[in-house]
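[1] whatever this is, show me its structure:
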Amino acid sequence: MAVTDWYCEEVLPGKLKVDRIFEDEWVLAFRHPRPSARPHVVVIHKEHVPSLLDEKALDGALLQSMIRAVQHAAVAVGLDRENGFHLRANATAPGVREIGVHPLFQTVGGRAQLVVESLASASRRS
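    The predicted structure is shown next:
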């Protein structure tokens with residue numbers, strides 16, 4: 001059986017051990033085990049949100065927690081106010097990514113990148 005949501009099926013249940021940078025009741029931030037950038041930090045919500053275009057993406061508590069995680073992760077990987085970074089958002093179409101549908105936040109600062117994938121990855125709640 002193919003993995004359809006890497007975050008929900010492997011990361012959040014703890015099947016894949018990751019270097020956790022930040023965690024609260026809403027989100028988990030961790031260093032990606034196979035980074036596509038240096039540094040590559042992933043921030044996932046613990047409640048599944050299918051897209052940035054979904055109503056659930058407007059939840060203030062989730063967004064606040066997301067920004068808190070981005071701030072904490074940026075400091076943890078050495079991005080700072082002096083050098084700054086850019087935050088970009090991408091809502092990925094279904095079927096485009098092999099790990100599931102996950103909108104992408106990416107912050108870029110100087111020579112370093114902080115990649116933050118978020119708002120649509122999380123545990124499946126009954």
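
[2] against which helices or strands is the lengthiest helix in the chain packed?
    The longest helix of the chain (DSSP state H) is helix 60-76. Where contact means 3 or more C-beta pairs under 8 Å, 6 or more residues apart in numbering; DSSP states H and E, helix 60-76 is packed against strand 19-23, strand 27-31, strand 41-45, strand 104-109, strand 112-117. (Glycine included, C-beta is placed from N, CA and C.)

[3] those strands: lowest mean pLDDT?
    Mean pLDDT per stretch puts strand 104-109 lowest among these, at a mean of 47.

[4] any weak-confidence spans in the chain?
    Within the chain, the segments meeting pLDDT under 70 span 1-4, 50, 83-126.

[5] rerun that using 80 as the cut-off
    Low-confidence segments of the chain (pLDDT under 80): 1-8, 35-40, 47-54, 57, 79-126.

[6] quick check: angle from the longest helix of the chain to strand 41-45?
    If you take axes from the mean of the first three to the mean of the last three C-alpha atoms, to 10 degrees, helix 60-76 sits at 160 degrees to strand 41-45.

[7] for helix 60-76, buried residues please.
    L62, S65, M66, R68, A69, V70, H72, A73, A74, A76 (16 or more other C-beta atoms under 10 Å).

[8] and what of stretch 46-62?
    K46, E47, H48, V49, P50, S51, L52, A57, D59, L62.

[9] need those in a markdown table (columns: distance to L28).
    Output for these, formatted as a markdown table (distance: C-beta to C-beta, whole Å):
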| residue | distance to L28 |
| --- | --- |
| K46 | 7 |
| E47 | 12 |
| H48 | 13 |
| V49 | 14 |
| P50 | 18 |
| S51 | 19 |
| L52 | 18 |
| A57 | 17 |
| D59 | 16 |
| L62 | 13 |
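
[10] just the closest of those residues to F30, please.
    Nearest to F30 out of the buried residues of stretch 46-62 is K46 (C-beta to C-beta; 12.5 Å).

[11] I'd assumed W26 was in contact with that closest one.
    Yes. Between K46 and W26 there is a contact at 6.0 Å, judged by C-beta atoms under 8 Å.

[12] just to revisit the earlier point, tell me which of the buried residues of stretch 46-62 is nearest to P33?
    K46 (19.0 Å).
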